[in-house]
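In: fold the following.
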Amino acid sequence: MFARVRLFLLGVLSLFVVAGCGVRLAYSQLDWLVPWYLSDYVSFDREQRRLLDARLADRLTWHCSSQLGPYAELLGDLERRLVEAAPLDAAALDPFLQRGEAFWQVLMEALVPDAAQMFAALDDAQVAELAAAFARRNTETRKTFLEGSPGQLHSAQIERMEKRLRTWFGRLQPQQRQRVQAWSDALRPTTTDWLAHRERWQTGLIDALGRRHEAGFELEVRRLLTAAESDWSADYRADRAYNRAQTLALLADLVNDATPAQRQTLLGELAGWRADFQRMACAPPSGPALAAH
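Out: Next up is the predicted model:
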């Protein structure tokens, strides 16, 4: 469930790969948007909704007071690197992505107590509802990413990437679209393994929920939220690393090949996100500091 929050809290921190808009509006309304999203998975009763509201309010206070400033700093550093005359390569972009991934890890660590308390409050019917929602979403995801001929799936992958890139660069030039196609051609197939890993994670969560009233449950939640990659096979880990490098190389090439108008669009988007993060940042609460845990 909490993976849905990622779309709001990280946004641009996956650099150019995740398209987004209206981040300031979405973030400011998380107190009611998150329960609405989570209701796709579990129906909360009044007391559970009250608990969720209280935990979310505390976590947003922590997040806006301690995390949004560093998000803005990251984007400012990226802007400065992009205006340098030196050409980009994957190695130049990788540190920025690593910093964004570190932010995500901090967020997952901070969510562990909240998630454990919310999960422990579920009854058996709600656990069954969650399992059914997982199964339903998995069917939808498999239909989106695995059904169709190889040519259709390849075209869909290219279309998804071009759509994301247009947010940052505007209309792509013919040679840039060819570069996106070359990127797609070079990727190693990981979709089946990704879906299998996701389903194993979901199964692990449902199994853990069967022990939600026992000692050690929060430790299981921590492992699920912060060490989800621990059961990746060596081959899958290597394929993901390879595809990550291919994607960073694509982004670097597109920046280097950007027209003046595209570069202006890119820098404008980054500046807008940075300004949004700066405006959304809030002062720490008075009194004892709110801990991440």
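
In: where do the helices of the stretch 1-150 of the chain begin and end?
Out: Defined through DSSP state H, counting those that start in this stretch, the helices belonging to the stretch 1-150 of the chain, from first to last, are 6-9, 23-28, 30-38, 46-66, 68-82, 90-120, 124-146, 150-169.

In: which one, of the ones you listed, ends up nearest to F217?
Out: helix 90-120 (6.2 Å; C-beta to C-beta). Backbone N, C-alpha and C define where each C-beta goes, glycine included.

In: of the helices of the stretch 1-150 of the chain, which approaches D235 most closely?
Out: Nearest of the helices of the stretch 1-150 of the chain to D235, taken as C-beta to C-beta: helix 124-146 at 18.8 Å.

In: list the helices and strands that closest one packs on?
Out: helix 191-209 (3 or more C-beta pairs under 8 Å, 6 or more residues apart in numbering; DSSP states H and E).

In: make a markdown table out of the helices of the stretch 1-150 of the chain and add mean neighbour count and distance to D193.
Out: Rendered in a markdown table, the data for the helices of the stretch 1-150 of the chain read as follows (neighbours: other C-beta atoms under 10 Å; distance: least, C-beta to C-beta, whole Å):
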| stretch | mean neighbour count | distance to D193 |
| --- | --- | --- |
| helix 6-9 | 17 | 20 |
| helix 23-28 | 15 | 31 |
| helix 30-38 | 15 | 26 |
| helix 46-66 | 16 | 32 |
| helix 68-82 | 17 | 30 |
| helix 90-120 | 17 | 20 |
| helix 124-146 | 14 | 12 |
| helix 150-169 | 15 | 15 |
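
In: quick one: closest of those to L224.
Out: When the helices of the stretch 1-150 of the chain are ranked by distance to L224, counting by C-beta to C-beta, first place goes to helix 90-120 at 8.5 Å.
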